[in-house]
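Trainee: I'd like to go over a predicted model; first the sequence, then the structure.
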Amino acid sequence: MKHTLYNQFVDRKKAGKKSFAVLIDPDKVDNEKIEQLVGLGTEARVDYFFVGGSLVISSHLDECIQQIKAACDIPVVLFPGSPSQVSKYADALLYLSLISGRNPELLIGQHVISAPFVKKSGLEIMPTGYMVVDGGAPTTVSYISNATPIPADKNEIAMCTAMAGEMLGMKLIYMDAGSGAKRPITEAMIEKVARHIEAPLIIGGGITEPEKAYHNCKAGADVIVVGNAIEKDPGLIKEISAAVHSVPVKA
Ligand code: 1GP
């Protein structure tokens, strides 16, 4: 069987190894910044670069990914805010369905429209149940998606949503408090969800400290995603990567 990136997510989860993904929003980086992030990411042994944003107004998604790919071997995973954010230069695509919302467009509508184009890209497609959790302030994703986030303290709703997503066939679950969230997702919610699903669990939104990343992993996160905080302080790449990779591997 071809060893896909998805297999790698699963293998790492089985082995209890935690991963760190640096989120790059093409709208917020120029060539120099990409070079810096790739350099720091390589040095810190970052596991993935996620590329995407809620808007992506600029048109240099392809170039951005090509630059990353030319400079390192770290896999690039598309984390698209819209169907236009597909680039054949990436390694895989998080094929997101907003299962926490009740907006049919983001559950299935946009997928139908973009299906032939996505298939033609040749990308590895990773069906992902995307859950937006209230992060204490309206974020771009909550506004754009026109969907109510899961209340931050409703752990049971998060758990049931993730379980339903998995039973519907989602291969990954991504819980996101939204970019720049004031309050990242609580460990209690992560723990509740992680205990009830087998799929690798991705956690992001408002993580600004290595300690938080570490505790999220201990609570059951398999992949930690950080964007905003790294844009402000790229030095955090090293610290957060070290924290995530220091989580003891389960026996
Ligand atoms: C947002 O999960 C990502 O969709 C990362 O959030 O930018 O707050 O790190 P931050």
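Mentor: Arrived safely, thanks for sending. Residues are numbered from 1 along each chain as shown.
Trainee: Return the residues of this protein in contact with the ligand.
Mentor: Contact residues (CB under 6 Å from any ligand atom) of the chain with the ligand: 23, 176, 179-181, 204-207, 225-229. (Each C-beta comes from the backbone N, C-alpha and C, glycine too.)
Trainee: ok, now how distant is the closest residue to Asp25 other than its chain neighbours from Leu172?
Mentor: Of all residues beyond its chain neighbours, the one nearest Asp25 is Gly53 (3.7 Å), with distances taken as CB to CB, 6 or more residues apart in numbering. Per CB to CB, to the nearest Å, Gly53 is found 19 Å from Leu172.
Trainee: before we move on, what about Pro127?
Mentor: 7 Å.
Trainee: quick one, what contacts the residue in the chain positioned nearest to the ligand?
Mentor: When distances are taken as CB to the nearest ligand atom, the chain reaches nearest to the ligand at Gly204, 2.3 Å away. Residues in contact with Gly204 (CB atoms under 8 Å, 6 or more residues apart in numbering) are Ala21, Leu23, Tyr174, Met175, Asp176, Ala177, Ile224, Val225, Val226, Gly227.
Trainee: okay, these in CSV with pLDDT next?
Mentor: Formatted as CSV, the contacts of Gly204 follow (pLDDT from 0 to 100):
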residue, pLDDT
Ala21, 98
Leu23, 98
Tyr174, 98
Met175, 98
Asp176, 96
Ala177, 96
Ile224, 98
Val225, 98
Val226, 98
Gly227, 97
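Trainee: which one of those sits closest to Asn216?
Mentor: Ile224 (5.9 Å; CB to CB).
Trainee: Count the neighbours of the residue nearest to Ala137 when sequence neighbours are not counted for me.
Mentor: Spatial nearest neighbour of Ala137, excluding adjacent residues (CB to CB, 6+ apart): Lys182 at 4.9 Å. Lys182 has 13 neighbours, counted by other CB atoms under 10 Å.
Trainee: wait, doesn't Lys182 sit right on Gly206?
Mentor: Yes: Lys182 is within contact range of Gly206, at 6.4 Å (criterion: CB atoms under 8 Å).
Trainee: which residues do the two both contact?
Mentor: Gly135, Gly136.
Trainee: Where does pLDDT dip in the stretch 51-200 of the chain?
Mentor: Residue ranges of the stretch 51-200 of the chain with pLDDT under 70: 55-58.
Trainee: Strands of that one, start to end?
Mentor: 76-78, 92-98, 124-132, 172-176 (DSSP state E, counting those that start in this stretch).
Trainee: Tell me which residues touch Thr139, please.
Mentor: Ser54, Val132, Ala177, Gly178, Ser179, Gly180, Ala181, Gly205.
Trainee: Select from these the one having the most neighbours.
Mentor: Ala177 (30 neighbours).
Trainee: show me the residues around the residue nearest to Met189 when sequence neighbours are not counted that make contact.
Mentor: Spatial nearest neighbour of Met189, excluding adjacent residues (CB to CB, 6+ apart): Asn155 at 4.7 Å. Shown in contact with Asn155 (CB under 8 Å, 6+ apart): Thr186, Ala188, Met189, Lys192, Val193.
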